[in-house]
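>>> predicted model follows, preceded by the sequence.
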Amino acid sequence: MSPRTRSQSGTKASPSFVADASEASKITARNTAVPSAHTGGGVSVGVGARLKHATKKRSLFQYKRVYFYALLSIMIPFIASDWVPKASFLGELKEKLGGGLSGTSVAVLLGVLALGAVVFGTAGGSLYLRFAYNCFIKPFFKKKSSGLDSEEHQNRLEAFYEGQADIYDETRKRLLRGRSTMLKLCAAQLAQFYPVRFANDFKTGKAGETVTDPSVLPSPPISPSLLANNNKRYAWIDVGGGTGANIEMMNTFFPIRNFDKVYLVDITPSLCKVAEERFRRLGWTNVTVVCMDATKFTIPKEDGDDLEIALMTMSYSLSMIEQFFPIVDGLVNVLSPTGIFGVADFYVSSKRSADTTRQLSWFSRWFWSIWFDADNIYLHHSRRDYLEHKFKTVKTLSGKNYSMFPGVAIPYYVWIGAQHGANLPALAENMDDTDSIAEEEEQSTLAVAAKIPHVSADHVHGQGLRWRQPFDPALIPRFSTYIYAFAWEDPRTDLEFLDLTSEDRMLIITSGGCNALDYATRVGPARIHCVDLNPCQNNMLELKLAGISSLQYADFWRLFGEGVMPNFSNVLDTHFSPYLSPYAYHFWKETAGFKNLFKTGCSGLAIRIFQFVSKARGLQGAVERMCNAETLEEQWAVWEKEVRPHFLSKWLIMLLNNDRFLWGALGVPPAQMQMLLEEGSAYEFVVNTFDPILKYSHLRTDNYFYYACLMLKYTPANAPSYLTEEGFKTLQENPSRLDAIRIHTRTIVEVLNSEVPDGDLTRVILMDHLDWFSNEDADEEITAVHKKLAKGGRAYWRSAGKYPWYNTMFEEKGFKVTPCQIRCEKTPYIDRVNMYASFWMGEKL
């Protein structure tokens, strides 16, 4: 596979899967794909869901449980409060039940009984009583096998499962979280390398053509790099597969007919019996159930020597294996160099984990280890650590399951791995290594990152590290979210002064990632270093890059143009995931519940505040008229007469004088606010910013910055260039423009000193962040910029001040400093953002 092929595979678009309500029947086929064995009878299978009868409208009578619990919740505090007269019927009943106890005691007793009723009523009643008996009571009354050999281990598991094998699937739905996520991630990675001959029961053909039926969507898209591999024979081994539910679920994401063989290996006879009945019912003859110790399993000779093990999975089974080292060692020898290994299981972290996303408190580590140990489930962190030692990590997710009991969080993880050394020689030889100038021993700031062995960008499954450079994960707890979901510097104005060419090598601040993509779309520089110390800002850019690489334009537009994708969490697994780094995937999985992308991040707080004020003061209609005005005159009239008096109220001005609001919602630190105040009051700043915008810039057709803030969406004719259909097509058809991007989660000085050779850069865009710095920090950064710029190279910066104090530093370091724009009475409108007082350029002499 050549590096060019890999890049092209990264930009292959998938069929559209999000549409408006009128096309719902066309776009939901992928999410409700029904295996052929389950058609008819009003039965459907949903992604990540259980086999269930099609939803029917429920009558009010069917909500009787809700009525009962509501009545109970009212009665308990009523009784506990001693408001019930003793002479009344309820008072006498209370005395008899309580035996002289206080009302509070009676209420507590009723509360315990109510909780039992809730658990019984909502969790399946008798099924969960059987589950509770077999898990929590029976083990203490039955003699346990104490040996370590296979037979003793089998006896222990069989004693545990024999009384609940037939209800295993029903009672584990809420307990065993992460299984569908693990399978979707595996399916997405498999489709990057292995031929998808069948997609949702439709053959795709030897040439790799996609399904043409609009109601049937391939999952995920077929990569053109796979055409040469279309005759491969490959198999899946599900270790500890139990009842086979995972294999049936996988059929929705990666049809089982694509596998020449599937082996379910489990040591428990009662569970294997359920699995055999399942596959007999489904008619899947390529699935074989093997009841034996997984350490002794070998591929049957009759299945052929050319059978490649493309997938191995362990779903809540690694923690139940007594001797786990041999099984993991054995799987290393079985998995194909291009294969994928998926695990979902409970876990506890070590006391000090290098990966901060998995860290648990001392109480959680102690409690869950003891709790699960009673059922011979072992959660020591060494199991997960050994997996990551023997395999490379492709994706990882540490989550908490809150669905069993209110306030109870059971830790679980999803991990996707691959073989060490499965690199692509052609890609490794052609990787641009001119960026790195530091020796390995000098990479002290990244020493911690090396403890978590992720795949590299040249690995078979390294698409997710295509852009993101290694960084210290200790930064992650310092930032809970990003400040900007979209950039606040006008790239159109930038390009007027940059004189950018395809030969230029740039360094810019990531921000929302929009400007980097704009430069890539319009020009396509040879290198774009995107730098941000906030990992979440870089996660946003990664998401946009992954979207370009995996989605069709219509779907990309709905998420980033309209800010809405209701099934985002699912699409994250099935489409985005192969192109996201492990940390970016974890971040977006944890924050996937947003309703509108424009309202997320710190800047989303400012947007929500404006929405609240607009609603409270009845300005929504006026704001909408202003944003959709046909002419500038009409737009100005609405602003001046209806919106401006409220927008410039003393309450909002007070907010702008609050340091916490400025930093938390607008990303303006105190040092920069001080520069603003030196130019005038907060009121004057607002007037000088927004009056020219509304007077000279037409929001509906030419100012997507403020239109998106007010309307929570772009329009196709008024959007960043990478969000236009033409721009999106340019990036997809020219993957080298995306390959030019490198994402660094470090300071600018660190990146310049360790990642960029002297004299390598031709353009550096510092935005406004020098406003934040002390003299010492500014001097250090300007010195580093001068050292890394080529002669004649240019640095650009914006400032809240008309004549920023650090301009003289640039001149002292050897720059010729000239103004590009200065906002003043003669030129009150300098760009579509208009928040900065000046825009400067320094050319290295």
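Everything's here; your move.

>>> all helices for the stretch 251-400 of the chain, in order.
Using DSSP state H, counting those that start in this stretch, the helices of the stretch 251-400 of the chain run over 269-282, 324-334, 362-373, 381-390.

>>> quick one: mean pLDDT for the host helix or strand of Tyr412?
Tyr412 belongs to strand 410-418 when elements are defined using DSSP states H and E. Averaging pLDDT along strand 410-418 yields 94.

>>> list the neighbouring strands of that strand plus their orientation.
Take DSSP bridges as the rule and strand 410-418 pairs in its sheet with strand 340-346 (antiparallel), strand 392-401 (antiparallel).

>>> point out the most buried one among those strands.
Highest mean neighbour count of the strands paired with strand 410-418: strand 340-346, a mean of 27 (counted as mean count of other CB atoms under 10 Å). To be clear about C-beta, it is placed using only N, CA and C from the backbone, and glycine gets the same treatment.

>>> ok now it, how far from the chain's centre?
Centroid separation for strand 340-346 versus its chain: 18 Å, with CA atoms, centre = their mean, to the nearest Å.

>>> any idea of the angle it forms with helix 381-390?
Per axes from the mean of the first three to the mean of the last three CA atoms, to 10 degrees, the angle that strand 340-346 makes with helix 381-390 is 170 degrees.

>>> rounded mean pLDDT for strand 340-346, please.
95.

>>> okay, the spatially most central residue of the chain: pLDDT?
By CA atoms, centre = their mean, the chain has its centre lying nearest to Trp588, at 2.1 Å. At Trp588, the pLDDT value in this model is 96.

>>> and the next element down the chain from the strand or helix carrying it?
Here Trp588 sits within helix 582-590, counting by DSSP H and E. Next along the chain after helix 582-590, taking DSSP H and E as the criterion, comes helix 601-616.

>>> what residues of the helix or strand just after that following helix count as buried?
Sequence-wise, the next helix or strand downstream of helix 601-616 (DSSP H and E) is helix 620-627. Using 16 or more other CB atoms under 10 Å as the test for burial, helix 620-627 gives 622-623, 625-627.

>>> tell me which of the residues you listed is nearest to Glu489?
Checking the buried residues of helix 620-627 against Glu489 by CB to CB gives Cys627 as the nearest, at 21.5 Å.

>>> mind listing what that closest one touches?
Cys627 makes contact with 699-700, 707, 710-711 under the criterion CB atoms under 8 Å, 6 or more residues apart in numbering.

>>> now do 6 Å
With contact taken as CB atoms under 6 Å, 6 or more residues apart in numbering, Cys627 is in contact with 699, 707, 710-711.

>>> equivalent analysis for Glu489, please.
Contact analysis of Glu489 by CB under 6 Å, 6+ apart lists 515, 767.

>>> try 8 Å
Glu489 makes contact with 511, 515, 765, 767-768, 798, 833, according to CB under 8 Å, 6+ apart.

>>> that one looks like it's in a helix, true?
No: Glu489 is assigned coil when assessed by DSSP: H, G, I helix; E, B strand; the rest coil, not a helix.

>>> any idea how far Thr481 is from it?
Separation of Glu489 from Thr481 (CB to CB, to the nearest Å) stands at 20 Å.

>>> quick one: the residue lying closest to Lys813 once chain neighbours are set aside and Ser774, what's the gap?
Excluding its sequence neighbours, the residue lying closest to Lys813 (CB to CB, 6 or more residues apart in numbering) is His786, at 4.6 Å. Between His786 and Ser774 the distance is 19 Å, computed by CB to CB.

>>> for Phe405, same thing?
51 Å.

>>> between these two, who's got more neighbours?
Set Phe405 next to Ser774 and count neighbours by other CB atoms under 10 Å: Phe405 wins out with 13 against 9.

>>> mind checking the SS state of that one?
Phe405 is classified as coil under three-state DSSP.

>>> and the residue nearest to Asn734 when sequence neighbours are not counted, how many neighbours does it have?
Of all residues not flanking Asn734 in the chain, Gly524 sits nearest, at 6.7 Å (CB to CB, 6+ apart). By other CB under 10 Å, the residues close to Gly524 number 19.

>>> check Asp329 too.
12.

>>> before we move on, back to that, got the helices of the stretch 251-400 of the chain as TSV, with distance to Gln611 and mean pLDDT columns?
Output for the helices of the stretch 251-400 of the chain, formatted as TSV (distance: least, CB to CB, whole Å; pLDDT from 0 to 100):
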stretch	distance to Gln611	mean pLDDT
helix 269-282	50	92
helix 324-334	52	91
helix 362-373	38	90
helix 381-390	43	92
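
>>> and those: which comes nearest Asn570?
helix 269-282 (23.4 Å).

>>> put the buried members of the contacts of Glu489 into a ChimeraX selection.
Here is the ChimeraX command that picks out the buried ones among the contacts of Glu489, judged by 16+ other CB under 10 Å:
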select :511,515,765,767,768,798,833
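
>>> so Met185 is in contact with Ile416, correct?
Careful, residue 185 is Leu and not Met. Yes: between Leu185 and Ile416 a contact is recorded at 5.0 Å, counting by CB atoms under 8 Å.

>>> touching both of the two, which residues are there?
With CB under 8 Å, 6+ apart as the test, Leu185 and Ile416 both reach 342, 395.

>>> returning to what we had before: just the contacts of Glu489 now: which is nearest Ala409?
Nearest to Ala409, judged by CB to CB, of the contacts of Glu489 is Ser511 at 34.1 Å.

>>> from memory the closest one sits against Cys536, does it?
No: taking contacts as CB under 8 Å, Ser511 lies outside contact range of Cys536: 11.6 Å.

>>> for the stretch 651-800 of the chain, what spans make up the strands?
Ranges of strands in the stretch 651-800 of the chain, per DSSP state E, counting those that start in this stretch, are 741-744, 761-765, 789-799.

>>> can I get those strands in a markdown table with mean pLDDT and distance to Met312?
Shown next, in a markdown table, are these (pLDDT from 0 to 100; distance: least, CB to CB, whole Å):
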| stretch | mean pLDDT | distance to Met312 |
| --- | --- | --- |
| strand 741-744 | 97 | 31 |
| strand 761-765 | 97 | 45 |
| strand 789-799 | 95 | 50 |
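
>>> Thr631: which of those strands is closest?
Thr631 lies closest, by CB to CB, to one member of the strands of the stretch 651-800 of the chain: strand 789-799, at 30.0 Å.

>>> hmm, who's touching the closest one?
Outside strand 789-799, the residues that touch it by CB under 8 Å, 6+ apart are 489, 494, 497-498, 675, 759-768, 770-771, 785, 804, 810, 815, 820, 836-845.

>>> again, 7 Å this time
489, 759, 761-768, 770-771, 785, 815, 836-844 (CB atoms under 7 Å, 6 or more residues apart in numbering).

>>> now, of those residues, which are buried?
489, 761-768, 770-771, 785, 815, 836-844.

>>> and stretch 784-792, end to end?
End-to-end distance for stretch 784-792: 16 Å, by CA to CA, to the nearest Å.

>>> stretch 298-307 too?
End-to-end distance for stretch 298-307: 12 Å, by CA to CA.

>>> tell me the buried residues in that stretch?
For stretch 298-307, burial by neighbour count (16+ other CB under 10 Å) applies to Leu307.
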